[in-house]
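Asker: no FASTA, just this:
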Ligand code: ARG
């Protein structure tokens, strides 16, 4: 029932695809070739291609004539008297008999406006149908810009046995943003290793272990009393010098491998783990837990290497790394000999480069940790870890802002506690159920439950993803569940609308046979086809700047464009039913590909 008859099996079984070549790079290539004709032997000309700022003038535009003209002029080259004539020459160099363009025209100071031909639009829009049996696009084209083959994405990474050890909204952001980045990378053909760098090793364990020792708590505690125990031990830590010493000593012993402490530590971690698992299940996130403790064995060697290379130095008893121009050092071994967050991150980075052979490592945390990662990246670079024979290792910190409540303050419950994630997701789901029940629907009770489960999770994810991640975002159930807004609910309804339309269509063919099966006479059809064909460009830009919000903007615009088309073009029973059915189907497939990357499960009926 869940799968629409027109949803291709292969697409659902393995929606991951390498995509078609991006439109921009195709255009770039064509213009570069024309550039070679006009300026033989000139290899450094760069042609910048963008979406056309005025739809009435064209689909895309090339903005480079002005820049190239200025460069030539600087070199004393006077072949052209202005950027316009240079732009004209470029256009002349593109063979008139090509299947790409209907029109190329110079405008303003030297912009080249590009209008695609109907054939090209049809061919590119229909590319979504060309999936091979394993669901990948059958295409020889690849995303060119990426050199990375294997990426490590370090995300989610909640802390165990801390005040907010129930994963909080900050970790939710990291989980949602990180997962979408993983999926986008996989979509363009990068192998991704998902790592959950849980905080399972810090000072908090010293406190907790010392406290547990005193009260000899049995090991079968729950998350709730783990939090309570944390609070109690924190109070003692802050007020009792003797306890503080014992707590610190316990960390050192734990890190040195004390058997008894290790057993207790294992129990504590297990309790948290079960709690986390449930949330990952709700979010459909599958991530390898490799906490801070995993890297413990590597730290001494990694630090020795940094000392040997004179990157880490002793200062006031601690081991420090001073970055150029910074006077606050990165402390990578405390004066009492214990390791900290930075020691672990240095070892983890080394391991990911040397053992996992990753060539791109991405960290998803709140913006507050930027300085920490800058310092780690700087140390790695100076240690020479990033140099590879075939291209260097790239490091990225993907930061995000705070989650705010509708009251403009940090998102908290009324009593000021952090909001447990489970209840937050459940609340979104139950509100969806209420709203679905309030609308006319042919769904059974079970189906409604199912739909609201999907919709609730999708709403929370999309509300987070659609903001520029660097800004704070306001968590509001009303906003994220708005049927008419830029929300997952709107997207899911649009997808369900297309699906029900396709179910009623008379055209039985599952896919078009040739580009003539897509007519694109009407302007609304043309715009919809153009939007569909922009998809690879969008994915490319998401990956390039690690900004999931771009994909949300695109998905929303695809839905808006579809609804405009549907509002003015008759699909069923019209003269062009066959062609328009294909266009609807191409839209649905594209939407599902967006959904896949955004971690949204599609709904076929509502
Ligand atoms: N556990 C940390 C926190 O909650 C995030 C860890 C991020 N990853 C890392 N390799 N440092 O803030």
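Answerer: Nice, I can see it. Values in this document were obtained by computation on a predicted structure and should not be read as measured data.

Asker: show me what contacts the residue in the stretch 1-150 of the chain that the ligand sits nearest to?
Answerer: For the stretch 1-150 of the chain, the residue closest to the ligand is residue 150, as judged by Cβ to the nearest ligand atom, at 17.5 Å. From N, CA and C alone the C-beta is placed, and that goes for glycine too. When contacts are counted by Cβ atoms under 8 Å, 6 or more residues apart in numbering, residue 150 touches 190-193, 356-360.

Asker: switch the cut-off to 6 Å
Answerer: Residue 150 makes contact with 191, 358-359 under the criterion Cβ atoms under 6 Å, 6 or more residues apart in numbering.

Asker: Top of those by number of neighbours, please.
Answerer: residue 358 (25 neighbours; other Cβ atoms under 10 Å).

Asker: so that residue, which of the three states?
Answerer: The three-state label given to residue 358 by DSSP: H, G, I helix; E, B strand; the rest coil is coil.

Asker: With residue 493 instead?
Answerer: Per three-state DSSP, residue 493 ends up helix.

Asker: That one: neighbour count?
Answerer: Neighbours of residue 493 using other Cβ under 10 Å come to 19.

Asker: do residue 297 as well
Answerer: Residue 297: 11 neighbours (other Cβ under 10 Å).

Asker: quick one: it from the ligand, how far?
Answerer: 17 Å (Cβ to the nearest ligand atom, to the nearest Å).

Asker: measure that residue to residue 546 for me?
Answerer: 31 Å (Cβ to Cβ, to the nearest Å).

Asker: So which residues on the protein come close to the ligand?
Answerer: Residues of the chain that fall close to the ligand, judged by Cβ under 6 Å from any ligand atom: 154, 157, 159, 197, 199, 345, 348, 363, 365.

Asker: isn't there a strand covering residue 232?
Answerer: No - using three-state DSSP, the assignment for residue 232 is helix, not a strand.

Asker: Now name the helix or strand holding the nearest residue to it once chain neighbours are set aside.
Answerer: Leaving aside its sequence neighbours, residue 232 sits nearest to residue 211 (Cβ to Cβ, 6 or more residues apart in numbering; 6.3 Å). Here residue 211 sits within helix 203-215, counting by DSSP states H and E.

Asker: Tell me what residue 113 is bridged to.
Answerer: Residue 113 has the following beta-bridge partners by DSSP bridges: residue 61, residue 105.

Asker: what sits against it?
Answerer: Residue 113 neighbours (Cβ under 6 Å, 6+ apart): 57-58, 61, 105, 107.

Asker: what do you get if the cut-off is 10 Å, keeping everything else the same?
Answerer: 52-54, 56-62, 103-107 (Cβ atoms under 10 Å, 6 or more residues apart in numbering).

Asker: again with residue 265
Answerer: Going by Cβ under 10 Å, 6+ apart, residue 265 touches 160-161, 200-201, 205, 208-209, 212, 250, 254, 258, 293.

Asker: let's go with 8 Å and repeat that
Answerer: 200, 205, 209, 254.

Asker: now, among those, which is nearest to residue 600?
Answerer: residue 200 (30.7 Å; Cβ to Cβ).

Asker: Before we move on, what's the pLDDT of the closest one?
Answerer: Listed pLDDT for residue 200 reads 91.

Asker: Do you know the pLDDT at the residue nearest to it when sequence neighbours are not counted?
Answerer: Nearest non-adjacent residue to residue 200, counting by Cβ to Cβ, 6+ apart: residue 291, 3.8 Å away. Here, the pLDDT recorded for residue 291 equals 95.

Asker: coming back round to it: burial measure for the residue nearest to residue 232, as a count.
Answerer: 22.

Asker: I'd assumed residue 236 was in contact with it.
Answerer: Yes - using Cβ atoms under 8 Å, residue 211 makes contact with residue 236 at a distance of 6.4 Å.

Asker: So which residue is smack in the middle of this structure?
Answerer: residue 181 (2.5 Å; Cα atoms, centre = their mean).

Asker: residue contacts, that residue?
Answerer: 153, 155, 362, 364, 398, 546, 548.

Asker: buried set for stretch 268-281?
Answerer: 268-269, 271-272, 275-276, 279-280 (16 or more other Cβ atoms under 10 Å).

Asker: Pull the most distant pair out of those residues.
Answerer: Based on Cβ to Cβ, the longest span within those runs between 268 and 280 and measures 19.0 Å.

Asker: re earlier: which of the buried residues of stretch 268-281 fall in helices?
Answerer: 268-269, 271-272, 275-276, 279-280 (DSSP state H).

Asker: For the ligand, what's its nearest residue on the stretch 201-350 of the chain.
Answerer: residue 345 (5.0 Å).
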